[in-house]
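In: here's my sequence, what's the structure:
(one chain, ligands or ions: 2)
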Amino acid sequence: MSEREQDTMGATGGVASTLNEKFDASPWPRVCEKFRQEFGQHAFSRWLGQLGYNGIDGGTAELTAPTKFVRDWIQSHYAPRLKDFFTAEDPQVKALSIRLSATATITKSEAPQSAQGEKISPATIGSRADESSALDPKYTFDSFVVGKSNELAYAAAKRISESDDVTFNPLFLHGGVGLGKTHLMHAIAWESKRNNPNKRIVYISAEKFMFEFIAALRYKDTHAFKQKFRAVDLLMVDDVQFIANKESTQEEFFHTFNALVDNRCQVVITADRSPTDLEGIQERIVSRLGWGLVADIHPTDYELRLGILQSKAEQSKNVDVPAEVLEFLARRITSNVRELEGALNRVLAYATLVGRPITMDMTRDVLQDLIRANDRKLTIDEIQRAVADYFNLRLAEMLSERRARTIARPRQIAMYLSKQLTSRSLPEIGRRFGGRDHTTVMHAVRKIEDLRRDDSQLDEDITRLGRMLEG
Ligand code: ADP
Ligand code: MG
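Out: Ligands and ions are numbered 1, 2, ... in the order given. Below you'll find the predicted structure:
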């Protein structure tokens, strides 16, 4: 099938009849129909409906996906069935290929044609597009949630993108993996460009900087290399810890850096540790890196994690994520934001796929492995003590047979929290609460879930307890 014919496939209205015949000959509409029948309309719109069909080439059905996430999800969940559907329509088809479509959310600056269809493309970022690595349009200041742990980094990044004057040079952002350094750099690039479209901006990973430099050495073209990096207004180098111990790259980086700073060009640098903790980087570079502003991003706290989850959940308009699920994730996935996002995406994807609303049970099921890895091994004993303390009861009293509301309610809350915060089973929890039956625990969990919805005081108590227990 030629490209022209493919192009017309997307245009449903007013297609000439000759083209219609070719359209009918394509297996794609029938593959879609089979998918819909087997997996439902919901799964179709969420997944397959997002793919583009490019025809069959040498026994391979060629598809394109808008994002890596969609591609990977289809690969791991539907690929074998999809191939079967194709083969049933056209026995020639032996394999499936899913590539990222040219207008993917992350455009590769190396492929200028890919910039088509993007409102802002990396090509507009610098006068020479090939200098910058791909910028993710999702990484903006708007989508960045600010909390205590990152407010300095955020404010500094914002300042740089708003002013044409050099404020602090360089801005050195550092923090552990997955805490938003790259996000902030991309945000600076987008925002600077919005404020001043003529600004020449280069964003590059230190690793790429190094490879380009080595290539320049090999092809004896270091002059061009130098020119390229020195003719910019804003240079951002991500993850400079990568050039530790790489003597010649460091040397070049330092010269570039000095030249830019002397020309009053803004430089932004990130690393996974502070300048003084960078090993294998020359003393003079370290000290010069510290001349500007050094801002560190601390690990997230509970509030920030919850804020990030809420903002991401709001973006998924089709699926409702209950507050208790967000709280659960914020409490349990403490490693970094990337993992936190990954967890939420997994739950969202699962719910969409099976077409059921998100619940606590589903969340626990889907994230078993992650939760275990992040487990702080909170014990039922700790929970019981915390709850008894909180409600001014003696532990023995709370575990007793007494049914007075003032005692029974805290007991139910403790059972509920034990279920939420530990991986213990209902019978196990029952045993630890004075040898009660698992149905009693189940009843308590349901009861508290119900009450939380209407009783804001109780809801607040539980949230506070959860936070205390989380440390
Ligand atoms: P780093 O470069 O520090 O390793 P990234 O910038 O790649 O981390 O962030 C990892 C993921 O977490 C990204 O998807 C990013 O959008 C998200 N993220 C990190 N911090 C925040 C935040 N404060 N608000 C919203 N998203 C965040
Ligand atoms: Mg990064």
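
In: what sits against residue 49?
Out: residue 32 (Cβ atoms under 8 Å, 6 or more residues apart in numbering). For every residue, glycine as well, the C-beta is placed using N, CA and C.

In: how much space between it and residue 137?
Out: For residue 49, the distance to residue 137 equals 22 Å [Cβ to Cβ, to the nearest Å].

In: do residue 276 as well
Out: When residue 276 is compared with residue 137 (using Cβ to Cβ), they lie 35 Å apart.

In: more neighbours: which of the two?
Out: A direct count of neighbours by other Cβ atoms under 10 Å for residue 276 and residue 137 places residue 137 higher, at 17 against 12.

In: hmm, the more buried one is touching residue 193, no?
Out: No: using Cβ atoms under 8 Å, residue 137 is not in contact with residue 193, being 11.6 Å away.

In: so the residue lying closest to residue 65 once chain neighbours are set aside: helix, strand or coil?
Out: Leaving out its chain neighbours, the residue that sits closest to residue 65 by Cβ to Cβ, 6 or more residues apart in numbering is residue 71, at 3.7 Å. Of the three states, residue 71 takes helix under DSSP: H, G, I helix; E, B strand; the rest coil.

In: contacting residues for residue 71?
Out: 65, 98-100.

In: would you list the buried entries among these?
Out: Among these, those scoring as buried are 65, 98, 100 (criterion: 16 or more other Cβ atoms under 10 Å).

In: which of the three states applies to the second one?
Out: The three-state label for residue 98, taken from three-state DSSP, comes out as strand.

In: my guess is it meets residue 67, correct?
Out: No: at 11.2 Å, residue 98 does not count as touching residue 67 under the criterion of Cβ under 8 Å.

In: of the buried ones among the contacts of residue 71, closest to residue 167?
Out: Checking the buried ones among the contacts of residue 71 against residue 167 by Cβ to Cβ gives residue 100 as the nearest, at 37.3 Å.

In: isn't the closest one right up against residue 63?
Out: No: at 10.6 Å, residue 100 and residue 63 do not qualify as touching, with contact defined as Cβ under 8 Å.

In: for the stretch 351-471 of the chain, give the residue positioned nearest to ligand 1.
Out: Residue of the stretch 351-471 of the chain nearest ligand 1, by Cβ to the nearest ligand atom: residue 370 (15.1 Å).

In: OK, contacts around that residue?
Out: By Cβ under 8 Å, 6+ apart, the neighbours of residue 370 are 333, 339, 342-343, 346.

In: buried ones among those?
Out: 333, 339, 342-343.

In: can you get me a residue count around the residue of the stretch 251-400 of the chain found nearest ligand 1?
Out: Minimum separation of the stretch 251-400 of the chain from ligand 1 (Cβ to the nearest ligand atom) falls at residue 337, amounting to 3.5 Å. The number of residues packed near residue 337 is 23, by other Cβ under 10 Å.

In: could you pull out the strands for this structure?
Out: With DSSP state E as the criterion, the chain has strands at 52-57, 60-65, 95-100, 171-175, 201-205, 234-238, 266-271, 293-297.

In: list the pairing partners of the first one within its sheet, with orientation.
Out: According to DSSP bridges, strand 52-57 forms sheet pairs with strand 60-65 (antiparallel).

In: contacts for the strand it pairs with, please.
Out: Counting by Cβ under 8 Å, 6+ apart, 27, 50-56, 71, 74, 82-83, 86, 93-102, 104 sit against strand 60-65.

In: of these, just the buried ones, PyMOL syntax please.
Out: A single PyMOL command selects the buried members of these (16+ other Cβ under 10 Å):
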select buried, resi 27+50+51+52+53+54+55+56+71+74+82+83+86+93+96+98+100+101+102+104
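
In: can you get me a residue count around the residue of the stretch 1-150 of the chain found nearest ligand 2?
Out: Closest to ligand 2 within the stretch 1-150 of the chain is residue 139: 10.1 Å, counting by Cβ to the ion. Look at residue 139: counted by other Cβ under 10 Å, it has 20 neighbours.

In: reformat the strands of the chain as TSV; add distance to residue 361.
Out: Below are those laid out as TSV (distance: least, Cβ to Cβ, whole Å):
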stretch	distance to residue 361
strand 52-57	36
strand 60-65	30
strand 95-100	32
strand 171-175	35
strand 201-205	41
strand 234-238	40
strand 266-271	40
strand 293-297	34
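
In: tell me which of the ones you listed sits nearest to ligand 1.
Out: Nearest of the strands of the chain (Cβ to the nearest ligand atom): strand 171-175, 5.9 Å.

In: for residue 247, see how far away residue 312 is.
Out: Taking Cβ to Cβ, one finds residue 312 at 42 Å from residue 247.

In: compare these two (neighbour count), which wins?
Out: residue 312 (19 against 10).

In: give me the low-pLDDT residue ranges for this protein?
Out: Counting by pLDDT under 70, the chain has low-confidence residues at 1-25, 102-133, 374-376, 471.

In: what residue spans form the domains of it?
Out: For the chain, automatic domain parsing gives the domain ranges 3-100, 122-296, 302-376, 380-470.

In: wait, doesn't residue 296 sit right on residue 174?
Out: Yes: counting by Cβ under 8 Å, residue 174 is a contact partner of residue 296 at 5.2 Å.

In: overlap in contacts of those two?
Out: In contact with both residue 296 and residue 174: residue 274, using Cβ under 8 Å, 6+ apart.

In: what is the burial count for the residue of the stretch 251-400 of the chain found nearest ligand 2?
Out: Closest residue of the stretch 251-400 of the chain to ligand 2, Cβ to the ion: residue 270 (6.7 Å). Number of residues near residue 270 (other Cβ under 10 Å) recorded here: 24.

In: right, and it touches residue 170 too?
Out: No: counting by Cβ under 8 Å, residue 270 does not reach residue 170; the two are 10.2 Å apart.
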